[in-house]
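> This is a predicted model, with the sequence first.
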Amino acid sequence: MSVIETTPTPAGTGQRIRPVPAVSRAIAILRLLGQAKEPLNAKTISDALELVPSTCLHILRVLVSENLLIVDETSKRYRLGPGMLVLARSMMDTDLFVLSAQPALDEIAEQWKVTAIGVQILGLNQMVVTALSRSQLPFRLHVDIGSRFPGLISATGRLVAAYSTVSDKALKERFERLRWEQQISFEEWRAQVSEVARRGYSIDEGQYISGVTLIAVPVMNRQQQLKHTIVTAGISDQASEKQTRALIADLRRHATNIADEIYALR
């Protein structure tokens, strides 16, 4: 079993993707503005991304014309535009995992009184939340649709590592960049990863977020590659061991059903 990696070669084609600088620069601009706390002017953008100012301005104008960015005519500062929401909404309306997982997450959240999360794996370096159902518990997990996290963090990260074929050296290099509320050593984490590989699910008991237990189960494709996970977040020590085992069994059932549904025709 393995993680789907983001590579410059489309799966099964053996062909390399030819770099398209204008596209890469446009994406870099969108990412920068998506991370910025306030609108940015063209000079700030070009300096941050080391772009030629005139090239940066041309790209900005195209993105504005497509409604992907909005520019304030007085301050000449740019921010993400409504076109981004249209694209995101289109993705949510057509993504098979989201369509299949959302009803399951709603059921899980209602039955088990936890926050239920659908996660897409983007290689070893990143994961993104694509579906979410919140519980009514008196705490709020700082996660929303589109939230991104390091690929090896918390419960899902242990699954990513467990189904990866990269070396321990490569895992350690990435692990050392992670930040936990309760820091653990690589050796301890690696032992946990081995246990995750054996049992097929992962639990983070307050190490990533103090007082919060995160449970993750894999959603595998037909080639037994890890593409998504479903995750629950609840207050630590709230559930008994018996209840936790029952929750994990339910999550695995839902994960199997989701995989059967989204990969049935693939």
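Okay, I see it. Keep in mind it's a predicted model, so treat the numbers as computed, not measured.

> E50 and D204: what is the separation?
37 Å (Cβ to Cβ, to the nearest Å). For the C-beta atoms, the positions are set from N, CA and C on the backbone; glycine is no exception.

> should've said E241
Separation of E241 from D204 (Cβ to Cβ): 16 Å.

> and what of Q182?
Distance from Q182 to D204, by Cβ to Cβ: 10 Å.

> quick one, strands of the stretch 1-150 of the chain?
Taking DSSP state E, counting those that start in this stretch, the strands of the stretch 1-150 of the chain run over residues 2-3, 40-41, 69-71, 77-80, 115-122, 126-133, 148-150.

> In a markdown table, list the ones you listed along with distance to I29, mean neighbour count and mean pLDDT.
Formatted as a markdown table, these follow (distance: least, Cβ to Cβ, whole Å; neighbours: other Cβ atoms under 10 Å; pLDDT from 0 to 100):
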| stretch | distance to I29 | mean neighbour count | mean pLDDT |
| --- | --- | --- | --- |
| strand 2-3 | 29 | 17 | 40 |
| strand 40-41 | 9 | 18 | 96 |
| strand 69-71 | 8 | 20 | 94 |
| strand 77-80 | 8 | 18 | 95 |
| strand 115-122 | 20 | 24 | 95 |
| strand 126-133 | 19 | 20 | 94 |
| strand 148-150 | 17 | 16 | 92 |
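
> can you confirm T229 is in a helix?
No: applying DSSP: H, G, I helix; E, B strand; the rest coil, one finds T229 to be strand, outside a helix.

> Let me see the contact set for it.
G118, V119, I121, M127, A155, T156, L159, A216, V217, P218, V219, A255 (Cβ atoms under 8 Å, 6 or more residues apart in numbering).

> In stretch 46-65, which residues are buried?
S46, L51, C56, I59, L60, L63 (16 or more other Cβ atoms under 10 Å).

> For the residues you listed, give me TSV that also has distance to L247.
Formatted as TSV, the buried residues of stretch 46-65 follow (distance: Cβ to Cβ, whole Å):
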residue	distance to L247
S46	50
L51	49
C56	50
I59	48
L60	48
L63	44
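
> before we move on, the earlier item: have a look at Q182 and D204 and say which one is more surrounded.
Shown here are Q182 and D204; by other Cβ atoms under 10 Å, D204 has more neighbours (24 against 11).

> Mind listing the strands the helix or strand harbouring the more buried one pairs with, and their directions?
If you go by DSSP states H and E, D204 is part of strand 202-205. Neighbouring strands of strand 202-205 in its sheet, by DSSP bridges, are strand 212-220 (antiparallel).
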